[in-house]
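Colleague: task: produce atomic coordinates for the following.
(chains A and B)
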Amino acid sequence: MRAFIKIIKEQFNSFYLIMRLAKFQLRIDNQNNYLGFAWEILNPAIQMTMYWFVFGFAMDRGVMKSENGLEEVPYVYWMLAGISMWFFINKAILNGSKAIYQRYAMVAKMNFPLSVLPSYIIMGKYYGHLVLVGAIIVVCWIGGYPPSIYYLQLIYFLAMSYILAFAITLLTSTLTVVVRDIQMLIQSLLQVMFFLSPILWDRTTKMPEWIHQILMLNPFYYLANGYRASLLFHDWYIVSHWELTLYNWALIFVLLLIGSKAHFKFRNRFSDFI
Amino acid sequence: MAESVIIKNVTKTYRMYKTKGEQLGDLIFPGKKGSSFNAIENISFAVEKGDVVGLVGINGSGKSTLSNIIGGIIPPTSGEVIVNGEVNVIAINAGLSNQLTGIENIEFKCLLMGYSKEKIAKVLPEIIEFSELGDFIYQPVKKYSSGMKSKLGFAISVTADPDILIIDEALSVGDQTFADKSLEKMNEYKKRGKTIFFVSHNLSQVRSFCTKIAWIEGGHLREFGPTNVVMKNYAAFIKKYHRLPPAEQKAFRDQLADRRKHSKIMNPDE
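Modeller: Below is the predicted model:
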């Protein structure tokens, strides 16, 4: 618990540092491209078009129902609203997990709060995410889904995406320093999670109930449907799925607890592993 | 005078493996697989405030390991280092990004060094002036020559104002005028009574700059004392060592290295 509080304090005290370093990271990443930051949006846009073409158009998914079965939206909007968080989560976890072993040498000789390494990488990706969500809002609006009072939930889910990404990478960024293979494992697991989450498809209601229940334990299930409830459906998802809300916050708390413990256990010895 | 840094029985052991399998075995059953190598072994000495200590020794003797342990970058395997005050390692090339411009790099590295927004605004003009880069400060660092890059890194590093300073081969950057300027800066630190650890192979620089010398040989502290005494012995050793035929030099190094290898983890108390 002490480690947990220390990490949270370190994060809050380093807020300015995280924001500035994230901005520099974006500049470093996009320095060599003429289109620069635009690629942070163009890349997902191209992928989303392909998903729409394959699943929405070629396989003709038609309409998708909301989780409570009361509302229907065309597949393309359903997919866009759910997938937006995935581009962020995927990149944030992949790059955030590498943060310490890739960047340790850069800060080793300075008095640098090491838990800031994964968080500024995540924050760099978060800027792109916010812009992407903004673009998707415009698309949904044009498609006939104007902003509603349910948009208020979006702030909650946006914040949760960041916190979840941080909770996961705090742990994985430490583990990958000790055993580098974990990076490979994370890469595969993320692919698995992508297809196990209701991002491109959702047939869970047609599956046996127990399989559905297990799939709901995946935190990205809650996020994907939470974004949808905020952008498209008229549903207070946080309340109507309060069991999932409690479960996901408990999961984040446990991840942070284990992650901060592991981080401080190895922090002084990172140099021995790198 | 107060003691500034106390080094007590410090040993640093690295684990060495021949294969990935051995490494994995050692991770699961610590101490069963692989062999140990003591980069430094049982070093103790105390340094007073205001001392300028030169760390000398041939390549691979453990100078950098020791300076990194004092700087808190790597933890000792056993023993302890007691430091009274804030330590700073002058790391010229660390924390510079090739993609960013010089001026962006100044902010970037200052952030990494833990400076506040206000402090960065304050030191920025000083750094630009000291670095002598002129209009190149607006160019990406990847276009810099290695000398220009070191100048920038050095100019940023010396804005730190710690109680204890560790300089590892830092004064040989840039051309002669810049080297002089850097040495002047170091002398300024010395005058202000900072404790300085100075790692260098440049004997004349060490002799003129340092007040005490710690001579490290094969991971052991061979001699520690005032500059004039230790440097005389060290210079005599170096002269003799250089005269040896290459085969005998190698034999000497191997003999030192053998002393530091252990197949099992040693109990430091034994």
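
Colleague: please enumerate the strands of the chain.
Modeller: As the question left the chain open, I've gone with chain A. Applying DSSP state E to chain A gives strands spanning A:63-65, A:72-74.

Colleague: let's do chain B instead
Modeller: Taking DSSP E as the criterion, chain B contains strands spanning B:3-16, B:35-48, B:52-56, B:78-83, B:87-90, B:164-168, B:195-199, B:212-217, B:220-226, B:261-262.

Colleague: contacts for the fifth one next, please.
Modeller: Pointing back at strand B:87-90 there. A:109-110, B:67-68, B:70-73, B:154, B:157-158, B:160, B:162-168, B:170 (Cβ atoms under 8 Å, 6 or more residues apart in numbering or on different chains). Every C-beta, even on glycine, is put in place using the N, C-alpha and C of the backbone.

Colleague: in helices, which of those residues fall?
Modeller: B:67, B:68, B:70, B:154, B:157 (DSSP state H).

Colleague: I'd guessed residue B:147 sits against residue B:175; true?
Modeller: Yes: using Cβ atoms under 8 Å, residue B:147 is in contact with residue B:175, at 6.8 Å.

Colleague: got the phi/psi numbers for the closest residue to chain B within chain A?
Modeller: The minimum distance from chain A to chain B, using Cβ to the nearest Cβ, falls at residue A:109 (3.7 Å). With angles defined as degrees, to the nearest 10, residue A:109 sits at phi -90, psi 10.

Colleague: residues touching residue B:192, list them.
Modeller: Contact partners of residue B:192, counting by Cβ under 8 Å, 6+ apart, are absent.

Colleague: tell me the confidence at it?
Modeller: Residue B:192 carries a pLDDT score of 90 in this model.

Colleague: how about the residues of the stretch 1-150 of chain A near chain B?
Modeller: For the stretch 1-150 of chain A, the contact set with chain B under Cβ under 8 Å from any Cβ of the partner chain comprises A:16-17, A:20-21, A:24, A:27-28, A:31-32, A:105-112.

Colleague: need the buried ones from the contacts of strand B:87-90 selected in ChimeraX.
Modeller: Restricted to buried positions by 16 or more other Cβ atoms under 10 Å in any protein chain shown, the ChimeraX selection for those reads:
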select /A:109,110 /B:67,68,70,71,72,73,154,157,158,160,162,163,164,165,166,167,168,170
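
Colleague: what sits against residue B:62?
Modeller: Counting by Cβ under 8 Å, 6+ apart, residue B:62 touches B:12, B:39, B:40, B:216, B:218, B:219.

Colleague: now the residue of chain B found nearest chain A: closest residue in space that isn't a chain neighbour?
Modeller: Residue nearest to chain A within chain B: residue B:91 (3.7 Å; Cβ to the nearest Cβ). Nearest residue to residue B:91 in three dimensions, chain neighbours excluded: residue A:109, at 3.7 Å (Cβ to Cβ, 6 or more residues apart in numbering or on different chains).

Colleague: residue A:96 and residue A:127: what is the separation?
Modeller: Noted for residue A:96: a distance of 14 Å to residue A:127, by Cβ to Cβ, to the nearest Å.

Colleague: compare neighbour counts for the two and give me the winner.
Modeller: Set residue A:96 next to residue A:127 and count neighbours by other Cβ atoms under 10 Å in any protein chain shown: residue A:96 wins out with 27 against 17.

Colleague: so that one touches residue A:122, yeah?
Modeller: Yes: judged on Cβ under 8 Å, residue A:96 makes contact with residue A:122 at a distance of 5.1 Å.

Colleague: what touches both of those two?
Modeller: Applying Cβ under 8 Å, 6+ apart, one finds that residue A:96 and residue A:122 are jointly contacted by A:165, A:166, A:169.

Colleague: who wins on neighbours among those?
Modeller: Counting neighbours by other Cβ under 10 Å, residue A:169 comes out on top of these with 29 neighbours.

Colleague: export the ones in helices among the contacts of strand B:87-90 to JSON lines and tack on pLDDT and distance to chain A?
Modeller: As requested, the ones in helices among the contacts of strand B:87-90 are exported to JSON lines (pLDDT from 0 to 100; distance: Cβ to the nearest Cβ, whole Å):
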{"residue": "B:67", "pLDDT": "89", "distance to chain A": "10"}
{"residue": "B:68", "pLDDT": "88", "distance to chain A": "8"}
{"residue": "B:70", "pLDDT": "89", "distance to chain A": "12"}
{"residue": "B:154", "pLDDT": "87", "distance to chain A": "13"}
{"residue": "B:157", "pLDDT": "87", "distance to chain A": "9"}
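
Colleague: tell me the two of the residues you listed that are most distant?
Modeller: Maximum pairwise distance among these (Cβ to Cβ): 20.2 Å, between B:70 and B:154.

Colleague: report the rounded mean pLDDT for stretch A:61-75.
Modeller: 81.

Colleague: what about that stretch, how long is it end to end?
Modeller: Start and end residues of stretch A:61-75 are separated by 6 Å (Cα to Cα, to the nearest Å).

Colleague: list the buried ones in it?
Modeller: Of all the residues in stretch A:61-75, those buried under the rule 16+ other Cβ under 10 Å are A:61, A:64, A:66, A:67, A:71, A:73, A:74, A:75.

Colleague: quick one: residues in contact with that stretch.
Modeller: Stretch A:61-75 is contacted by residues A:52, A:55-56, A:78, A:143, A:145, A:201-202, A:205, A:225, A:228-229, A:232-235, A:240-241 when judged by Cβ under 8 Å, 6+ apart.

Colleague: now with 7 Å, please.
Modeller: Stretch A:61-75 is touched from outside by A:55, A:56, A:78, A:202, A:225, A:232, A:233, A:234, A:235, with contacts defined as Cβ atoms under 7 Å, 6 or more residues apart in numbering or on different chains.

Colleague: and chain B, which of its residues are near chain A?
Modeller: Neighbours of chain A within chain B, by Cβ under 7 Å from any Cβ of the partner chain: B:71, B:73-75, B:89, B:91, B:94-95, B:97, B:99-100, B:104, B:108, B:111-114, B:117.

Colleague: in helices, which of those residues fall?
Modeller: Using DSSP H, the members of the residues of chain B next to chain A that fall within helices are B:104, B:108, B:111, B:112, B:117.

Colleague: which of those residues count as buried?
Modeller: Buried subset of those (neighbour count, 16+ other Cβ under 10 Å): B:104, B:108, B:111, B:112.

Colleague: how about these in JSON lines, adding distance to residue A:3 and pLDDT?
Modeller: Listed next are these as JSON lines, based on distance: Cβ to Cβ, whole Å; pLDDT from 0 to 100:
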{"residue": "B:104", "distance to residue A:3": "34", "pLDDT": "92"}
{"residue": "B:108", "distance to residue A:3": "29", "pLDDT": "92"}
{"residue": "B:111", "distance to residue A:3": "25", "pLDDT": "91"}
{"residue": "B:112", "distance to residue A:3": "23", "pLDDT": "90"}
